[in-house]
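Visitor: Pasting the sequence and the predicted model now:
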Amino acid sequence: MLHRAFAAVFVMLLFATGCAASQQADPASSVAQPNKEFDISITPGPAISLKENKLVLALTAEQQQVWGNATVSVKLGMDGMEHGEEAVAAQSKGEGRYEATVIPTMVGPWIAHITISGDQGEKQVEFPFEAVR
């Protein structure tokens, strides 16, 4: 009986702490992941859980020609967790720059599943990032 009570308290603490150690984010910093086609960043970096964070996707000049007037959407996911996914539309800021406001719901490692749709069809890109308190 005592083991079950201990296990229940442990599980509640695990969910309350977000399955990770507490860290603080610097609001002026960002985390970026450049690749051949797109530059992706999140500000602040690391992201802050339960707060609005700005995810930016920037097309290179060459990709702006390829994709034309693209639309971009973002879904957040966390491996092994069933948070459900809701697509967030990114806003075009001109010159191939798109911004989306994302809110990770808990501390830990996240993946932004980014979908770019345009003249060339559709492409999906993943952007892993960490959320802290």
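Guide: Looks like it arrived, so ask away. From a predicted model like this one, the values you see are computed outputs, not experimental measurements.

Visitor: From Asn53, how far off is the residue positioned nearest the centre of the chain?
Guide: What sits nearest the mean C-alpha location of the chain, by CA atoms, centre = their mean, is Ala112, with 3.8 Å. Ala112 sits 10 Å away from Asn53, going by CB to CB, to the nearest Å. Quick note: C-beta positions are derived from backbone N, CA and C, even for glycine.

Visitor: Common neighbours of those two, please.
Guide: Residues touching both Ala112 and Asn53 (CB atoms under 8 Å, 6 or more residues apart in numbering): Ile42, Val102.

Visitor: Can you pull out the low-pLDDT segments for the protein?
Guide: Scanning the chain for pLDDT under 70 picks out the ranges 1-36.

Visitor: element containing the residue nearest to the centre of the chain, please.
Guide: Taking DSSP states H and E as the criterion, Ala112 maps to strand 108-118.

Visitor: Sort out which residues of the helix or strand harbouring Glu130 are buried, please.
Guide: Element membership of Glu130 [criterion: DSSP H and E] is strand 121-132. Neighbour-count burial for strand 121-132 flags Lys123, Val125, Phe127, Phe129, Glu130, Ala131, Val132 (criterion: 16 or more other CB atoms under 10 Å).

Visitor: residues touching Gln124, list them.
Guide: Under the criterion of CB under 8 Å, 6+ apart, the neighbours of Gln124 are His113, Ile114, Thr115, Ile116.

Visitor: Now with 7 Å, please.
Guide: Counting by CB atoms under 7 Å, 6 or more residues apart in numbering, Gln124 touches His113, Ile114, Thr115.

Visitor: Fine by me, thanks again.
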